[in-house]
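# Here is a sequence with its predicted model. Questions after.
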Amino acid sequence: MKHSKIILLSTLVILVSACKIPKPEHRKNSLRVKNNYIILLDLSDRLIVQDHQPERDKQIIKSLYSLFEEKVRKELYIKSRDEIRIVIAPQLGAGLNRNAFEDRLYVNMAALNLVERKAREEERRRSFFATLDTLYHQAVYSQVPTDYNGADIWKYFYEDLKTDYSRDTLTNNYLFILTDGYPIVGQQNKLLQVKNEFPDLEIVLMEAAPREKDLEWDHLMSVWESWFANIGIKKYTLVKRASITKELEQVKEAIATTSPKDHKMPAVASRIIDVKKDIPASDSKTALFDMYRNEKRYALVIGNSKYKRVSSLRNPINDATDMASVLKKMNFEVISLIDATYIEIRSGFLKFHDKLVNGPKDQTIGLVYYSGHGLQNDGENYLVPIDASIEYEDDIPRQCFPVQKIILGNMERSNSRMNILILDACRNNSFPQAMRTIGSGLAEMKSGRGSFIAYSTAPGSTASDGIGKNGLYTQELIKAIQIPGLSIEQVFKEVRINVLRLSGEKQYTWDNSNITGEFYFNLQDKETMMP
């Protein structure tokens, strides 16, 4: 019995003692929030077209780097996992060593040892800024805009972003894009492969620089919004080019309250999108029509049929006459030339060009329409005057009127916001047999920003002169431009469909566009017709 009491007492002591022993604490080594800053640079001709653009870019990037450093300091250096990197959309022909620059413009705090995180902060900053200066020095390799072939900034989305984007649930992923807002997409179809791959990516587009006096800002940003929607980007801020201080204030406000669990973006003075609101189509169209009704429209229309030394063409006179009449109804001031000699074409173009040069900047439209014989020689296209005497190839540049060098080149250097060139000049070669070595049809032309070039048939091919009053192409074009409310792209798509159908799929029309704004031949809405 005594022995049993001792055992019972011992057991109670052990139990009481066990209750008093504190349990070891299981502290979680929770990771800190990570900020992943990606800065995508558009190194196209915007560097020379916009005033002081390289210096502006560098100042903005340095400010973003300072934001990165502020986040690092808040984590007391040793706890920081933040990253910042520069990615480049270079110019073709610039000779930039993209990989070398991007390696040197990448800072990953998690990859640094604890000593150098704080101790080498100043050294990292100086190296980063010095590399940035070298990058922009090499990026601006010419002062001639035509030397720049464009930068495909969208290539980054379908090639490299998936590597730079952090899928860590405790990460804020930011992509800052420095661009003028005029994206040139090399392989846009590849964007369709990018679907909801970056669900929490927040994009801030900066330095967008559209023209002020029309609705290009709304149009360009709608293009970006459409592309973002296609690839599943839901959070983005679109910032118009302004003072750098103002832009940076908007950027700071946009990212100040962001956390991995709450990605709502605050309202600032720029165009910020979280949930896209649909604008009624009627309201949008009415706003466009009201804006474009005030623009100045000038056209040069030429129709050459009765050639003196080669076979005549049946339709061009009718084509030009009817086209001039329709364009006048569309509020164009028209200079019309019928069966024009070289001197008459030159004189008519000088008068037309003078109107474009003196028209209101960014509110002037220039259009040249030509129906008649056309030739290509050594990559240049020529309009053939009725008095041209062509026996050898070297007669062409002396007796025919150059399209790229004179017509399109001077239009693009004028005050016009958009230049439209329509060439129904791809008839069969009626010149001497020796001239057939130059090829048939016209050569394809590169359009500068703001130009729309339309051919009656594909480059290098010929078109029918037509069996009716007008040539097939002009016949359908005259119909299409009178349809109310069609944009310029819709007009020429309508023409393409009808010409293809009526020719039994033998004649393919061709367009080459580098326009960014909107244009409507007929500024009437189907519901509210103008008188």
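Nice, thanks for sending it over. Numbers count the residues shown, from 1 in each chain.

# Which neighbouring elements make contact with the lengthiest helix in the chain?
Using DSSP state H, we find that the single longest helix of the chain is helix 53-74. With contacts defined as 3 or more Cβ pairs under 8 Å, 6 or more residues apart in numbering; DSSP states H and E, helix 53-74 has these neighbours: strand 34-42, helix 46-49, strand 83-89, helix 121-139, strand 171-178, strand 202-208, helix 244-256. In this view, the C-beta of every residue, glycine as well, is placed from N, C-alpha and C.

# got the ones you listed as CSV, with distance to Val115, mean neighbour count and mean pLDDT columns?
Formatted as CSV, the helices and strands packed on helix 53-74 follow (distance: least, Cβ to Cβ, whole Å; neighbours: other Cβ atoms under 10 Å; pLDDT from 0 to 100):
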stretch, distance to Val115, mean neighbour count, mean pLDDT
strand 34-42, 21, 23, 94
helix 46-49, 39, 20, 86
strand 83-89, 19, 22, 94
helix 121-139, 12, 15, 94
strand 171-178, 25, 23, 94
strand 202-208, 33, 23, 91
helix 244-256, 29, 17, 77
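
# Out of those, which gets nearest to Asn470?
helix 46-49 (40.4 Å; Cβ to Cβ).

# I'd like to know which elements the closest one is packed against.
helix 53-74.

# Determine how far the helix it packs on lies from the middle of the whole chain.
26 Å (Cα atoms, centre = their mean, to the nearest Å).

# ok, Ile78 touching Arg117?
Yes - contact criterion Cβ atoms under 8 Å: Ile78 and Arg117 qualify, at 6.2 Å.

# Which one's more surrounded, these two?
The neighbour count for Ile78 versus Arg117, taken as other Cβ atoms under 10 Å, is higher for Arg117 (19 against 13).

# gap between that one and Asn108?
Applying Cβ to Cβ, to the nearest Å, the value for Arg117 to Asn108 is 11 Å.

# now do Ile203
Separation of Ile203 from Asn108 (Cβ to Cβ) stands at 21 Å.

# likewise Tyr455?
The gap separating Tyr455 from Asn108 is 52 Å, by Cβ to Cβ.

# same deal with Met221?
The spacing between Met221 and Asn108, counted by Cβ to Cβ, is 33 Å.

# Neighbour count for the two, which is higher?
Met221 (20 against 13).

# what is the rounded mean pLDDT of the longest helix of the chain?
Regarding helix 53-74, the rounded mean pLDDT is 92.

# what does stretch 318-336 give?
Computed over stretch 318-336, the mean pLDDT rounds to 96.

# Go ahead and name everything in contact with that stretch.
Stretch 318-336 is touched from outside by 296-303, 337-338, 348, 351-352, 355, 365, 367, 369, 371, 424, 469-471, 474, 477-478, 481-482, 521-523, with contacts defined as Cβ atoms under 8 Å, 6 or more residues apart in numbering.

# now do 7 Å
The contact list for stretch 318-336 (Cβ atoms under 7 Å, 6 or more residues apart in numbering) reads 297-303, 338, 348, 351-352, 367, 369, 371, 424, 469-471, 474, 478, 481-482, 521-522.

# Keep only those of those residues that are in helices.
Going by DSSP H, the helices hold Gly348, Lys351, Phe352, Thr474, Ile478 from those.

# would a markdown table of these with distance to Arg32, pLDDT and neighbour count be doable?
Formatted as a markdown table, the ones in helices among the contacts of stretch 318-336 follow (distance: Cβ to Cβ, whole Å; pLDDT from 0 to 100; neighbours: other Cβ atoms under 10 Å):
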| residue | distance to Arg32 | pLDDT | neighbour count |
| --- | --- | --- | --- |
| Gly348 | 71 | 96 | 18 |
| Lys351 | 70 | 96 | 11 |
| Phe352 | 65 | 96 | 25 |
| Thr474 | 68 | 94 | 26 |
| Ile478 | 67 | 96 | 17 |
